[in-house]
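**Q** quick one: sequence and predicted model below, then my questions.
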Amino acid sequence: MSNTGTWMQRVAQDWLVLQLSANSGAAIGITTGLQFLPILLLSPLAGLVADRMPKRRLLQITNLAMAVPALVLGLLAVTGAAEIWHVYILAFLLGVGSAFDAPARQSFVSEIVAPEDLTNAVGLNSASFNAARLVGPGLAGVLIAAFGGGVTGTGWVILLNALSYIAPIIALRSMDPRLLDVPELTPREPGMIRQGLRYVRARPDLLLILAIVFSAGTFGLNFQMTSALMATEVYGKGATEYGALGSILAIGSLSGALLAAGRSTTRLRLVVGAGLVFGVVEIAAGLMPSYLSFAVTAPLLGLSALTLITAANSYMQLNTGAGMRGRVMALYLMIFMGGTPLGAPMIGWIGETFGARWTLIGGGLLTVVGIAIPVLMYLASVRRRNPGALGSLVEAPHFALVRGRE
């Protein structure tokens, strides 16, 4: 329920920004950037909090913290008092709640299931998220139109999202804590954030994953903005068709998540391959001549994107020590989502300067280049360490030493 509300607000918030800014792609980019900026700024602290505080309690707090900005923005829009700077501030505050919620939520999965089921659980978690993504955007488009369209219609949809946060709070309170596999909380000591950074720096495989998700997250995964600009500027469509694009995209995303749930292991080559395919499909989507052909390409875009996201997520969790998982996942999310404040305004500017199609074409090109360079660097490192691994994307031989130290 809450994920459905979140996707409804994403569509409504972007549509609200378009209404308030005369269809400005840069304004959408700024809004998206501000919403993800706290992840870039606060993720190291949020990861430390996730390692030192019971995650079940922390998640209840963060859900409440995300409900309040949604409630305020919805009321402002419904009453007709909303201005673009209101959206900027409240998007930032919503991002603060998300920054503390994300690492706790990601690492909480490993407390619910046994290690051998973690890959499947990450996939099912993504399937649940993308089932909501399948329903939310289309429902938002219909409801915005039903509530009269324009600013007022977006406000009612955002208010529904504020109410939806009640669902996870109730679910978390209903859990039996005796059935959770809760690791011992990390005691407070100096330099804990630096410990997490040193841990990742000593792992070339984790660094490669971070480089890949940075490129994809910064330049490629800007679907909110790119879909809005393509729907309105290229194909001349309205809120309903824009919302439908999000649901169509989620068909592929849900398929990718369900495929991920069937995998028992995740390899580096899967992460790399999915990232490169995603970049190529995004370039192709930007070249589509009609709304229909763009909609047909959208599921392939969602499938490749979710394969990349779930593979990278499960690899990071499965190959990280329990005592470091909160901090490592926070760094992962900081790199993955924190690049959006850098990439979204830039992609928005590209769209305004060169046309909406280049938000996808340029994003895809930058994604492919941004993945290819660190992969070549990683392979060169593997060859230096293990000459017999020439030409293969394999795990580096340092793994046994790292795991031995753990």
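**A** Structure received.

**Q** which ones are touching the residue at minimal distance from the centre of the chain?
**A** Central residue of the chain (Cα atoms, centre = their mean): residue 337, 5.8 Å from the mean position. The contact partners of residue 337, taken as Cβ atoms under 8 Å, 6 or more residues apart in numbering, are 36, 39-40, 102, 217. The C-beta positions use only the backbone N, C-alpha and C, and glycine is treated the same way.

**Q** in strands, which of those appear?
**A** Using DSSP state E, no member of these sits in strands.

**Q** closest one of these to residue 157?
**A** Relative to residue 157, the closest of the contacts of residue 337 is residue 36; by Cβ to Cβ it sits at 20.8 Å.

**Q** report the secondary structure state of residue 236.
**A** coil (DSSP: H, G, I helix; E, B strand; the rest coil).

**Q** burial count for it?
**A** Neighbourhood size, residue 236 [other Cβ atoms under 10 Å]: 9.

**Q** just use 9 as the starting number from now, easier for me
**A** Sure, I'll start counting at 9 from here, so that last one is residue 244.

**Q** measure it to residue 279 for me?
**A** As defined by Cβ to Cβ, to the nearest Å, residue 244 lies at a distance of 37 Å from residue 279.

**Q** cool, residue 166 as well?
**A** Residue 166 sits 35 Å away from residue 279, going by Cβ to Cβ.

**Q** before we move on, what about residue 87?
**A** 46 Å.

**Q** of those two, which one has the most company?
**A** When neighbours are counted by other Cβ under 10 Å, residue 279 comes out ahead of the other of residue 87 and residue 279, with 29 against 11.

**Q** dump the residue contacts of that one.
**A** Applying Cβ under 8 Å, 6+ apart, the residues contacting residue 279 are 217, 220, 316, 319-320, 323.

**Q** dump those to TSV, plus secondary structure, distance to residue 301 and neighbour count.
**A** Formatted as TSV, those follow (DSSP: H, G, I helix; E, B strand; the rest coil; distance: Cβ to Cβ, whole Å; neighbours: other Cβ atoms under 10 Å):
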residue	secondary structure	distance to residue 301	neighbour count
217	helix	33	27
220	helix	28	27
316	helix	23	29
319	helix	28	28
320	helix	29	27
323	helix	34	23
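
**Q** got a markdown table for those, with pLDDT too?
**A** Output for the contacts of residue 279, formatted as a markdown table (pLDDT from 0 to 100):
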| residue | pLDDT |
| --- | --- |
| 217 | 92 |
| 220 | 93 |
| 316 | 89 |
| 319 | 85 |
| 320 | 88 |
| 323 | 85 |
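
**Q** quick check, nearest of these to residue 131?
**A** The closest of those to residue 131 turns out to be residue 319 (Cβ to Cβ; 9.4 Å).

**Q** any regions of the stretch 309-414 of the chain where pLDDT drops low?
**A** Applying pLDDT under 70 to the stretch 309-414 of the chain flags residues 330, 346, 348-349, 395-414.

**Q** what is the mean pLDDT for stretch 68-83?
**A** Averaging pLDDT along stretch 68-83 yields 95.

**Q** residues of that stretch that come out buried?
**A** 68, 70-71, 73-75, 77-82 (16 or more other Cβ atoms under 10 Å).

**Q** show me the contact partners of it.
**A** 10, 17, 21, 90, 94-95, 98-99, 101-102, 104-106, 108-109, 112, 163-170, 173-174, 176-177, 180-181.

**Q** picking up where we left off before, look up how far residue 43 lies from the residue nearest to the centre of the chain.
**A** 9 Å.

**Q** got it, and residue 26?
**A** From residue 26 to residue 43 the distance is 16 Å (Cβ to Cβ).

**Q** which of these two has more neighbours?
**A** residue 43 (27 against 20).

**Q** residues in contact with residue 358?
**A** Taking Cβ under 8 Å, 6+ apart, one finds 366-367, 370 in contact with residue 358.

**Q** and residue 63, what pLDDT?
**A** At residue 63, pLDDT is 88.
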